[in-house]
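# here are the coordinates; sequence isn't available:
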């Protein structure tokens, strides 16, 4: 046990050092990518750690670190390799996990095949669409299988929670510093690259932290998380955070209607009734970001309008996976084909049409009912990746924060009380 603890401590120190070095310049970033490959020596556990480290490194504030865009192909290559490696371990996962995952993985395979067809026949940039699709499927399926494969030897819940808690504390320190408001001078982004990214990142952290056994420090972390989400000015994040906490309280109340839970809800309702007008005024002011109520949806108007226009072009089949709709077709590969859809449901219909949307809904439905214990106790773990993607469409961003969404799904599917009780995993 002591030897294991020492190995874990040495790994923590080494990972911290190379992570900090990666912030300096392109060379040290490349060195970081090379050195984390040694984590493959830990097999599935190591591959999961690589994915987590890369998605955290990707969203670090550009005032603190060189952008990962300078080595985007290297990053995507390592993520693809990690996903492919984890998928190759499918036969090693426990039979009861295969029973849960098989219907989901088969439906994702159907979604994959269907979208290749759509991209080839209807997409403006078929090669780009297929490349993005392959990347998404590799990382998504890799994370699912990886969490299942390593569930007896590695607690991804605690490892990820510890990593993100460090991000929380480091962001807290930056509250009085200008770099924490770099994007627009007003909204808080901490040590992350954008206020909206900060908001949704910590909503998912909130969902993660309340899904496990809560210790004293966890309550303080929850309060700090809520405060920093509120000053990030991210409307999607605030609404999502309220949904997460509401579902947490509701699930707890339904499973165990204790006097404390009942008292907490009663007290909250009394406060809301007494200060209804002030609370509503503050909430509307937050949503409008200090402007007129008419401007609440202004920042999304263009995105939503473009999506609806794209859907009208080909509502049944779609227009190709995660690429812009152009007046011409090109079979050349390009890294400049960037889309910002803004809404998960409209994006899927735009990409894949109504047929693809039905397939997508099917594997979401299968995930939802894959773990009856999680459905009753941790519904918010399933809801969170979806609800944050309704305002900030990060679901298919497998080269950024997307893997965080997939890890929440995997924990929802795989974990039970025994997994949460295994708190020996560390950084």
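Nice, thanks for sending it over. If you're wondering where the values come from, they're calculated on a predicted model, not measured in any experiment. Residues are numbered from 1 along each chain as shown.
# make it CA atoms for all contacts and neighbour counts henceforth
Fine.
# Look at residue 243 and tell me its secondary structure.
The three-state assignment at residue 243 reads helix, by DSSP: H, G, I helix; E, B strand; the rest coil.
# How many neighbouring residues does it have?
Residues lying near residue 243 (other Cα atoms under 10 Å) number 18.
# How about it, nearest residue that isn't a chain neighbour?
residue 380 (7.9 Å; Cα to Cα, 6 or more residues apart in numbering).
# contacting residues for the one you found?
By Cα atoms under 8 Å, 6 or more residues apart in numbering, the residues touching residue 380 are 207, 243-244, 247-248.
# which SS state does the residue lying closest to residue 247 once chain neighbours are set aside fall under?
Excluding the flanking residues, the one nearest residue 247 by Cα to Cα, 6+ apart is residue 380, at 6.1 Å. Using three-state DSSP as the criterion, the local structure at residue 380 reads helix.
# how far is stretch 387-394 from where the chain is centred?
9 Å (Cα atoms, centre = their mean, to the nearest Å).
# Quick one: mean pLDDT for it?
Across stretch 387-394, the average pLDDT comes to 86.
# Residue 316 against residue 351, yeah?
No: Residue 316 is not in contact with residue 351 according to Cα atoms under 8 Å; the separation is 10.3 Å.
# Name the residues of the strand or helix carrying residue 74 that come out as buried.
In the assignment (DSSP states H and E), residue 74 maps to helix 72-88. The neighbour-count check on helix 72-88 (16 or more other Cα atoms under 10 Å) flags 75-76, 78-87 as buried.
# Which helix or strand in this protein has the lowest average pLDDT?
The helix or strand of the chain with the poorest confidence is helix 276-287; it has a mean of 49 (mean pLDDT, DSSP states H and E).
# Sketch out the low-pLDDT regions of the chain for me.
For the chain, applying pLDDT under 70 flags the ranges 1-6, 257-303, 335-337, 417, 420-427.
# for it, longest helix please?
Assignment by DSSP state H gives helix 95-122 as the longest helix of the chain.
# ok, back up a step: not counting its own residues, what contacts the helix holding residue 74?
If you take Cα under 8 Å, 6+ apart as the criterion, helix 72-88 is touched by 33, 44, 47-48, 50-51, 54, 68, 135, 138-143, 145-146, 399.
# so what's the backbone phi/psi at residue 192?
Dihedral angles of residue 192 (phi, psi; degrees, to the nearest 10) stand at phi -100, psi 170.
# now do the one 4 residues further on
Dihedral pair for residue 196: phi -70, psi -40, per degrees, to the nearest 10.
# Now for it: which residues touch it?
189, 232-234, 236-237, 392.
# Any figure for the gap between it and residue 238?
Using Cα to Cα, to the nearest Å, one gets 10 Å for the distance from residue 196 to residue 238.
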